[in-house]
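Q: Sequence plus predicted model, see below.
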Amino acid sequence: MIVDVALPIPVAKTFSYTIPERWKPFAKKFLRLKVPFHNKVQTGVITDIRDIDDPGLKAINEIIDVFPIIDNTLIELSMWSSHYYITPIGPVLKYVLPPTLKIEPYITIQAKGSEVSRMDGLTLKKAINLFGRESLFQYHETGLITLCDTLTQHTFSPITPSNVRKETPDNVLFIGDVQNRLDYYNEAIASALQKKSNVLMLLPDHYAAGSYFKKIFSEKFGDRVLWYGSETTLKSRMETFFRVRGEGGFLILGNKSCVFLPICKQALVIVERHEEDEYRNEEGFKFNAVLVAIKRASIGSVPIILGSACPSMEMYHYAKNNKFNIVEKKWLLDGPCQEKITAPDIVSSATFLEALIPIIKEGEGKGERMAVFTPRKDYGSYLVCHSCKKPFLCPHCEGVLGYEKEAGLLTCSLCGKSFPYEERCAHCGSDIIHFARTGVEYVAEKLRDMFPGLSVVKITGDSLRKELKTLNKMPIDMPALLIGTQSLSKLYNFHVQKLILLGWEELRKMGGYRSDERMIQILINLIDALSPDSVTLFMERKNKVTISNYLEGDIYYQEELQRRTNADFPPYRRVFLVEIENKNKDKGEKTIAKIKDIFQKEGIESAVSGTLMEKKTLYKWRIILRGEEDFLYKTLFRIYGLSEVQIEADPLYI
DNA sequence: AGCACGCCGACT
DNA sequence: GTCGGCGTGCTC
């Protein structure tokens, strides 16, 4: 008898081991186990048991789980994810059955017979040390002992399958502002909790979003709210883990990794702002938690609510095609800011700041809160020498250097390396430097100088967490000026009177087929979070955007979707990006040749674009494949193992 | 992913 | 002459 074991490594195969006689009765699919690998011990998952022998194989060390800690829904979800995202099952199971999840210290033994009474009350960990794993498995199998977790006092047993409802679930795409969404969520959650069912709600992985919804829902539902986000203590995560596998009546709030949490009595899944990038997992197993949540709900016949002020094209299309109930609260164009949104002021980038002065002065006089958006966080993203007109480029890779004044660093936008800022041109030594494409640091510095009495707060991805505490303590009538990037859109319910956008239209040039869509999402989410009384946009003439084209909901979506159909882009066609990196041009080309050979044999067309030389010594090639995963799966899986090759499903920037 | 083996630069 | 950089390849 041998077992196939999936290991949490990016290799497209499982590894086989023999099972020692004493473990044979306990081997089951989807149990975690320990195996020797590379001269050390790895935790893996049994994916198959085969009744053959192969004396050449190593033997497993021990089995960890007494029964699979996930249910059939999650097993099915893992299989689907592995296929859909063309990722080996090992890295997928790392998110579903984390090798790091240790349950033994939290489990105690309840003995049912006199022969095992000496075990009664011991923790599983202790009992294993004293009596050995196999005998405990034996006693559990024969019913002499049962297990109980110490955090909730529940019996620890296989998760009870969700009550499968026969009727098609009533899925909803809810479009509205944050207040509308909250009302809608509240009602749906309250009704599920009343029935003693569990609700899983996914939030964008941002401190501000987590803390806001945690607070709002805790006020309403008290200790029925369980937080399973990225910033929780191990103990409280374990408590949630045990609680929701045995008990109903909870709202589980969490981020993308929560989508694989085993939950019993599930009645509803909610995803807040599904269009946010934070739902995409970028390391190891690259998945989009929104799509996985939809699939999870569908496997378990559980309804799902996707709430957003500005749905993504993909989800809008998906909802229409899959008979979602699309509920739309018209809020944007009924608000008092309509006029200024649709008729932006045209200003050149050199006079942005001057144009701002009268508006901020007025706000300061009235004691208002104001927010200024700018698309970049640094002081300037493009530095040019005034004398020789040469731009500042990375000495390492010739990428464009951005300047972070506070840190005194020049940072390369391509390779990410940092260098101290010398205040001199590297070519002619001139110290007259022009800062172009200015950002938050620059705007904040200038406005601080101009309005010394006003409290100016910088909001960027890095500073938001720290500043949020200050902002929450800020009295509602205290005038303030926030300067920030799109992180401002994470400040749920921080009401400002004035929202001013500088260079917002530049987002349109920031790459990818989705840039248009993203540009409008950022504007709408800023308004959604900050609920401004007025919105003022300053644009440059050359990049002028006619906003009214975007705000007529249905029409814009239909036009954009038509463009996507014509161009054969998502959501009409899946796209896979294969990236090959090599320091050696010849070797890279060899890999390309290998891949092309595989593609040809499988009858797949592809377009190689490259060679993109990124650093002076690193070559990059990109292959873009379009087609459904069923068609590409086998081929892409064959190249998964090649060195220096990365496959990304549904890439954002192509 | 880790970790070992392997081939070229700066040191006692 | 070696120590150690990380580039390539393998793991049942």
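A: Alright, I've got the coordinates.

Q: C-alpha only now, for contacts and for neighbours.
A: Fine.

Q: How many residues are close by the closest residue to A:S548 other than its chain neighbours?
A: Distances taken as C-alpha to C-alpha, 6 or more residues apart in numbering place A:T342 nearest to A:S548, at 5.6 Å, with adjacent residues excluded. Here the number of neighbours of A:T342 (other C-alpha atoms under 10 Å) works out to 19.

Q: all strands for the stretch 1-150 of chain A, in order.
A: If DSSP state E, counting those that start in this stretch is used as the criterion, the strands of the stretch 1-150 of chain A fall at A:2-6, A:15-18, A:32-37, A:40-50, A:62-63, A:107-111, A:145-149.

Q: Could you list the domains of chain A?
A: For chain A, whose domains are defined here by automatic domain parsing, the residue ranges read A:2-70+A:78-96, A:104-149, A:172-328, A:334-377+A:439-563, A:575-649.

Q: pLDDT at A:W621, what is it?
A: A:W621 carries a pLDDT value of 83.

Q: SS state for A:K620?
A: Secondary structure state of A:K620, per DSSP: H, G, I helix; E, B strand; the rest coil, is strand.

Q: before we move on, back to that, return the most buried member of the strands of the stretch 1-150 of chain A.
A: Comparing the strands of the stretch 1-150 of chain A by mean neighbour count (mean count of other C-alpha atoms under 10 Å), strand A:2-6 ranks first with a mean of 24.

Q: Need the residue closest to the centroid of chain A.
A: What sits nearest the mean C-alpha location of chain A, by C-alpha atoms, centre = their mean, is A:Y279, with 2.5 Å.

Q: Quickly note the distance from that residue to DNA strand C.
A: 28 Å (C-alpha to the nearest atom of the strand, to the nearest Å).

Q: for A:N281, same thing?
A: Going from A:N281 to DNA strand C by C-alpha to the nearest atom of the strand gives 22 Å.

Q: what sits against the nearest residue to that residue once chain neighbours are set aside?
A: Leaving aside its chain neighbours, A:N281 sits nearest to A:F287 (5.3 Å; criterion: C-alpha to C-alpha, 6+ apart). By C-alpha atoms under 8 Å, 6 or more residues apart in numbering, A:F287 lies in contact with A:S81, A:Y85, A:R280, A:N281, A:A649.

Q: Who wins on neighbours among these?
A: Ranked by the number of neighbours (other C-alpha under 10 Å), those place A:S81 first, at 23 neighbours.

Q: separation between that residue and A:F287?
A: Using C-alpha to C-alpha, to the nearest Å, A:S81 is found at 8 Å from A:F287.

Q: Check A:R118 too.
A: From A:R118 across to A:F287, the span is 47 Å (C-alpha to C-alpha).

Q: beta partners of A:L393?
A: Residues in a beta bridge with A:L393, per DSSP bridges, are A:V400.

Q: What about it, how many residues nearby?
A: By the criterion of other C-alpha under 10 Å, A:L393 has 20 neighbours.

Q: For chain A, which residues are neighbours of DNA strand B?
A: For chain A, the contact set with DNA strand B under C-alpha under 7 Å from any atom of the strand comprises A:I9, A:P10, A:V11, A:H38, A:G284.

Q: can you tell me which two in those are farthest apart?
A: Across the residues of chain A next to DNA strand B, the longest distance by C-alpha to C-alpha is 20.1 Å; it joins A:H38 and A:G284.

Q: just the strands in the stretch 501-650 of chain A please.
A: For the stretch 501-650 of chain A, applying DSSP E, counting those that start in this stretch gives strands covering A:534-539, A:575-582, A:607-615, A:618-626, A:645-649.

Q: circling back to that earlier point, list buried residues within the residues of chain A next to DNA strand B.
A: Buried members of these, scored by 16 or more other C-alpha atoms under 10 Å, are A:I9, A:P10, A:V11.

Q: Skip the chain neighbours and tell me the closest residue to the second one.
A: Closest residue to A:P10 apart from its sequence neighbours, by C-alpha to C-alpha, 6+ apart: A:P91 at 6.3 Å.

Q: Mind pulling up the pLDDT for that neighbour?
A: Looking at A:P91, its pLDDT is 95.
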